[in-house]
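Asks: sequence first, then the predicted structure:
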Amino acid sequence: MRENSSYGLSKNERLYHQKLIEKVFKTPFVVKAYPLLFSFYFEETPNANPNAILFSVSKRKFKRAVDRNRIKRLMREVYRLNKSLLTNPFAPNKNLIGGMVYTGKELVDFASVQHSFIKLVNNYQIVLKQIEEKG
């Protein structure tokens, strides 16, 4: 019941295929809002697969797994609450495939991650408009 809600984050919505992950980070579509970086592309899928997203934190910057897991948990929660903002109004039949990377060097709280995510969504909307204008 919970997975069917719009606020859930099911396993189908998590990106875990190696080929898709490589494709995400080779794409030219990148949006930045410090300390978040969002690389994405759109893919047509024949069935009703949801958008897929990956969350990543550098092991080089955060040696302790506890810190990396906390930041990923915060990013997942912010995405889960605001994922409706990442829809593409220009291509509703295409699914978003993306990767969100934390690029900062310090631990943050929920409010600062959410603020960065909102800025990232605003930049994302600008990039979508530019992509649509180019055709």
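Replies: In hand now; what should we look at? Numbering: from 1, shown residues only.
Asks: and what about the residue nearest the centre of the chain, helix, strand or coil?
Replies: By Cα atoms, centre = their mean, the chain has its centre lying nearest to Met100, at 4.3 Å. With DSSP: H, G, I helix; E, B strand; the rest coil as the basis, Met100 sits in strand.
Asks: just Val113 next, same as before
Replies: helix.
Asks: pLDDT score for it?
Replies: On the pLDDT scale, Val113 is placed at 97.
Asks: could we number from 630 for the rest of this?
Replies: In the new numbering, first residue 630, that becomes Val742.
Asks: distance-wise, check it relative to Ser668.
Replies: Between Val742 and Ser668 the distance is 18 Å, computed by Cβ to Cβ, to the nearest Å. All C-beta atoms are positioned from the backbone trio N, CA, C, and that covers glycine.
Asks: what ranges do the strands span in the protein?
Replies: 659-662, 665-673, 681-686, 723-731 (DSSP state E).
Asks: now render those as JSON lines, adding mean pLDDT.
Replies: As requested, these are exported to JSON lines (pLDDT from 0 to 100):
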{"stretch": "strand 659-662", "mean pLDDT": "96"}
{"stretch": "strand 665-673", "mean pLDDT": "92"}
{"stretch": "strand 681-686", "mean pLDDT": "95"}
{"stretch": "strand 723-731", "mean pLDDT": "93"}
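Asks: ok, which of these comes nearest Lys701?
Replies: Distance to Lys701, taken as Cβ to Cβ, is lowest for strand 681-686 among those, at 4.8 Å.
Asks: re earlier: next up, the contacts around the residue nearest to the centre of the chain.
Replies: Residues near Met729 by Cβ atoms under 8 Å, 6 or more residues apart in numbering: Leu665, Leu666, Phe667, Ile682, Leu683, Phe684, Ser685, Met704, Tyr708.
Asks: what about the second one, how many neighbours?
Replies: One way to gauge burial is a neighbour count; for Leu666, by other Cβ atoms under 10 Å, it gives 16.
Asks: okay, the closest residue in space to Glu706 that isn't next to it in sequence and Arg699: tell me how far apart.
Replies: Nearest residue to Glu706, sequence neighbours excluded (Cβ to Cβ, 6 or more residues apart in numbering): Phe739, at 7.1 Å. Distance of Phe739 to Arg699, computed by Cβ to Cβ: 10 Å.
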